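Enquirer: Below: sequence and its predicted model.
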Amino acid sequence: METFIAYNPTKLFFGKQSIEYLSKHLPRIGQKALLVFGGKSAKANGAYDDVIAQLIKAQIRFVEFWGIKPNPRVEEVREAIALGIKEKVDMVIAVGGGSVIDSAKIIALCIPKNNDPWNVMKGKEKPTHALPIITVLTLAATGSEMNPFAVLQNNETNEKLGFGSPFTYPTISICDPTYTLTVSKEYTAYGLADIVAHLLEAYFGDGNALLSDRFVISVLKEVSQIAELLLSDLQNYELRERMMWASTCALNGITFHGRKSGDWGVHDVAHHLSVLFDIPHGASLSVVYPAWLKLHRRKLNQRIIWLGNEWWGIKTTSKTIKQIEDFFLAINCPIRFNDLNLDLNQQKTFESLLMKNKPTGMIHRLTRAQLRKMMHFMK
Ligand code: NZQ
Ligand code: ZN
């Protein structure tokens, strides 16, 4: 194993009615909150009313910011920072999925010193603390509720970047699967694809970490066991519950211990699809992952075989890759440009951006020639 630090300060409250912990804990955290939301979903799934009731009960003052978009953009984050500064808030509460939570993390980081969020994402400004971040999760996918990461995009520069710091772990996260009962079939599937991708990014990182590999396999088995059942029974609480815990465990550190790092090359390439064509995160990953596996099938032959055998009892690389494609197809996720309805011009635009930005993994570095080869596999 590689040497590692195990650190995760987020206090997670999981299960029905876990929202009730908010009024107990918030008074010790702050006096005035900036609430951050996406579109209308927080009102439809009941989270909005529940959060407001808890704030009133705890006599916490608050202001609301609505309008964070899926694949969140730096513009809205700037607006929310300005509102938070004007209103002198001392904590930020995200109510939503990964896009809202990621935005709230950067908002909380930028408010104290009025930092520019894009400069922070680019590493040009380095805040030294953040306001406390509280999350009320309404979509199981990213694991953002229990990790320090945030992803924002900039449509002017065509960049979608990730960020992580010790200051951007949520202090408290409320994870009540009830709020996810309203998530559409499409976004449930994209969430499942994202969970699988996080597990594979960890698995194809570097370092001999058998127990972490076994955690990966356990969560992969959990996800593949519930995926199709859940998509045909979206209101099933027990399946929503299992998906939510799987999504948290896929990216809260437990699958990374003992490795140098995950790879993240697939995420880096997939972010280019999202930023160009506003493709949901999970849908971009299910297109890029099979291509990445095909590219590395020889180099990673033994790793792919171990994965296939432990996950499904499959003994060959090509059958494992095919099974992963079939899994994505079975949950209605795209695996080719055609499934995304990308025409030839759009494919060329994508290739040009890849050639310009040269996305790569942290362990398996991608050359321009390899990126071109991946393009070929995505057609
Ligand atoms: O905008 P609203 O109205 O809230 O609707 C959202 C949005 O349209 C809707 N939704 C959320 N909760 C719902 C619901 N609809 C019905 N019922 C509910 N209970 O779902 C849509 C998608 O929401 P979004 O937050 O964008 O989805 P997700 O959680 O998949 O987040 C994706 C973002 O997270 C980033 C991605 O790059 C992407 O920008 N990631 C963040 C990571 C992290 N922080 O660790 C890691 C991931 O790899 C990922 O990169
Ligand atoms: Zn992801």
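Expert: Received the coordinates, thanks. Ligands and ions are numbered 1, 2, ... in the order given.
Enquirer: after the longest helix along the chain, next one along is what?
Expert: For the chain, the helix with the greatest residue count under DSSP state H is helix 210-231. Proceeding C-terminally, helix 210-231 gives way to helix 237-250 as the next helix or strand, assigned by DSSP states H and E.
Enquirer: So which elements touch the longest helix of the chain?
Expert: Here helix 210-231 touches helix 185-203, helix 237-250, helix 301-312, helix 317-330, going by 3 or more CB pairs under 8 Å, 6 or more residues apart in numbering; DSSP states H and E. Where C-beta positions appear, they are placed from N, C-alpha and C, glycine not excepted.
Enquirer: quick one, the shortest one and helix 317-330 angle?
Expert: Same thing as helix 301-312. For helix 301-312 and helix 317-330, the angle between their directions (axes from the mean of the first three to the mean of the last three CA atoms, to 10 degrees) works out to 50 degrees.
Enquirer: The most centrally placed residue in the chain in helix, strand or coil?
Expert: Central residue check for the chain by CA atoms, centre = their mean: the C-alpha nearest the mean position is that of residue 142, 2.6 Å away. Classification of residue 142 using DSSP: H, G, I helix; E, B strand; the rest coil returns coil.
Enquirer: Would you check that it makes contact with residue 100?
Expert: No - judged on CB atoms under 8 Å, residue 142 makes no contact with residue 100 at a distance of 10.4 Å.
Enquirer: Mean neighbour count and mean pLDDT added to the helices and strands packed on helix 210-231, as CSV?
Expert: Compiled in CSV, the helices and strands packed on helix 210-231 are given as follows (neighbours: other CB atoms under 10 Å; pLDDT from 0 to 100):
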stretch, mean neighbour count, mean pLDDT
helix 185-203, 25, 98
helix 237-250, 22, 98
helix 301-312, 17, 98
helix 317-330, 18, 98
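Enquirer: Nearest to residue 16, out of those helices?
Expert: helix 237-250 (8.1 Å; CB to CB).
Enquirer: Which residues of this structure lie near ligand 1?
Expert: On the criterion CB under 6 Å from any ligand atom, ligand 1 has as its neighbours in the chain the residues 38-42, 45, 70-72, 96-100, 102, 138-139, 141-144, 147, 149-151, 179-180, 182-183, 187, 191, 194, 251, 267, 281.
Enquirer: circling back: how about the helices and strands packed on helix 210-231 in a markdown table, adding distance to residue 157?
Expert: Written out in a markdown table, the entries for these read as follows (distance: least, CB to CB, whole Å):
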| stretch | distance to residue 157 |
| --- | --- |
| helix 185-203 | 24 |
| helix 237-250 | 29 |
| helix 301-312 | 35 |
| helix 317-330 | 30 |
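Enquirer: Select, out of those, the one closest to residue 230.
Expert: helix 237-250 (4.2 Å).
Enquirer: Which residue is the nearest non-sequential neighbour of the residue lying farthest from the centre of the chain?
Expert: Ranked by distance from the centre of the chain (CA atoms, centre = their mean), the top residue is residue 59, with 32.2 Å. Of all residues not flanking residue 59 in the chain, residue 27 sits nearest, at 7.6 Å (CB to CB, 6 or more residues apart in numbering).
Enquirer: And the next helix or strand past the helix or strand that contains the one you found?
Expert: Element membership of residue 27 [criterion: DSSP H and E] is helix 21-29. Read in the C-terminal direction, the helix or strand following helix 21-29 is strand 32-37, with elements assigned using DSSP H and E.
Enquirer: tell me which strands and helices that next one is in contact with?
Expert: Counting contacts by 3+ CB pairs under 8 Å, 6+ apart, the secondary-structure elements packed against strand 32-37 are helix 47-57, strand 61-65, helix 74-86, strand 91-96, helix 98-110.
Enquirer: where along the stretch 251-379 of the chain do the helices fall?
Expert: Using DSSP state H, counting those that start in this stretch, the helices of the stretch 251-379 of the chain run over residues 265-277, 281-295, 301-312, 317-330, 344-357, 368-378.
Enquirer: Now tabulate those in JSON lines and tack on distance to residue 233.
Expert: Output for these, formatted as JSON lines (distance: least, CB to CB, whole Å):
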{"stretch": "helix 265-277", "distance to residue 233": "28"}
{"stretch": "helix 281-295", "distance to residue 233": "19"}
{"stretch": "helix 301-312", "distance to residue 233": "23"}
{"stretch": "helix 317-330", "distance to residue 233": "15"}
{"stretch": "helix 344-357", "distance to residue 233": "35"}
{"stretch": "helix 368-378", "distance to residue 233": "32"}
